[in-house]
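Chemist: could you work out the structure for the sequence below:
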Amino acid sequence: MNAMECLLTRRSIRKYKSDPIPRETLEEILAAACCAPSAINMQHWYFVVIQSPEKMAEFREVMRRVMVAFHPVLEDRFKKNPETIQETESFLVSLGGAPAVVLAFFLKDNFPDRDGAMQSVSAAIENLMLAAWEKGIGSCWMSAAQRMGFGPELQAKYAPGKGEFVSAIALGYPDQSPKMPPRREGRCVFL
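Modeler: Coordinates of the predicted model:
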């Protein structure tokens with residue numbers, strides 16, 4: 001798959017096959033993530049890969065509590081689409097059956113340029129998702145845990161001594177083929 005095809009066909013996957021992702025494949029995906037550009041080459045990221053059944057169950061329990069806290073946000077955003085609320089909450093609790101989740105953190109606390117660090121980790125997450133898709137592995141970038149204040153708990157549980165939790169990314173072989181949502185107009189101007 002060429003780069004443009006990868007960029008244009010990647011979708012957020014919310015239903016996965018139970019097939020495990022080989023460790024070597026996960027290592028290649030993480031290596032691609034770590035090749036992302038970063039502000040003044042600080043390479044601000046730290047990743048934790050969860051894939052053991054016990055740790056996945058533990059993480060899903062945290063995400064169940066995230067879902068409860070996130071419910072009012074979903075109700076406000078999708079007032080006219082209750083099915084979207086139900087689908088999102090079901091995904092947050094089950095992770096769509098994903099066999100692996102990657103947690104992204106800052107490498108350390110107190111980067112002097114927090115915005116640059118956030119941009120750098122976000123670039124690494126995008127690299128991770130595109131590298132996964134190139135290998136036929138779907139992903140879903142999940143921000144609800146951070147938004148709802150579960151970052152400190154996840155940091156203490158999975159990355160003590162590292163920096164702030166940024167996001168979680170579900171990974172697995174897709175068991176669905178979602179269509180591209182409509183693109184919104186007016187998001188670009190040429191001067």
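
Chemist: from now on I want contacts and neighbour counts done on CA atoms only, so please keep to that.
Modeler: Will do.

Chemist: tell me how far the longest helix anywhere in the chain lies from the chain's centre.
Modeler: The longest helix of the chain (DSSP state H) is helix 53-77. Remark: helix 53-77 is offset 14 Å from the chain centroid, using CA atoms, centre = their mean, to the nearest Å.

Chemist: go through it and flag the buried ones.
Modeler: For helix 53-77, a neighbour-count test (16 or more other CA atoms under 10 Å) marks Met56, Phe59, Arg60, Val62, Met63, Arg64, Val66, Met67, Ala69, Phe70, Leu74 as buried.

Chemist: quick one: mean pLDDT for stretch 138-154?
Modeler: The average pLDDT for stretch 138-154 rounds to 97.

Chemist: so which residues make contact with it?
Modeler: The contact list for stretch 138-154 (CA atoms under 8 Å, 6 or more residues apart in numbering) reads 10-14, 16, 63, 66-67, 69-70, 129, 132-133, 164-174.

Chemist: contact partners of the one helix or strand Ser122 maps to?
Modeler: Secondary-structure element containing Ser122, defined by DSSP states H and E: helix 114-134. Applying CA under 8 Å, 6+ apart, the external contacts of helix 114-134 come out as 1, 6-7, 10, 29-30, 32-39, 42-45, 104-106, 111, 138-139, 166, 171.

Chemist: now the strands: where do they sit in the chain?
Modeler: Counting by DSSP state E, the chain has these strands, from start to end: 45-50, 100-106, 138-142, 165-172.

Chemist: wait, Phe47 touches Leu103, no?
Modeler: Yes. With contact defined as CA atoms under 8 Å, Phe47 counts as touching Leu103 (5.6 Å).

Chemist: how near is Arg77 to Pro160?
Modeler: The spacing between Arg77 and Pro160, counted by CA to CA, to the nearest Å, is 33 Å.

Chemist: that older thread, now do the helix holding Ser122 against strand 165-172, angle only.
Modeler: Between the axes of helix 114-134 and strand 165-172, defined by axes from the mean of the first three to the mean of the last three CA atoms, to 10 degrees, the angle is 0 degrees.

Chemist: just give me how far helix 114-134 sits from the chain centre.
Modeler: Distance of helix 114-134 from the chain centroid (CA atoms, centre = their mean) equals 9 Å.

Chemist: contacts for stretch 78-93?
Modeler: Under the contact criterion CA under 8 Å, 6+ apart, stretch 78-93 has outside partners Arg14, Lys15, Arg60, Glu61, Met63, Arg64, Val66, Met67, His71, Leu74, Glu75, Gly96.
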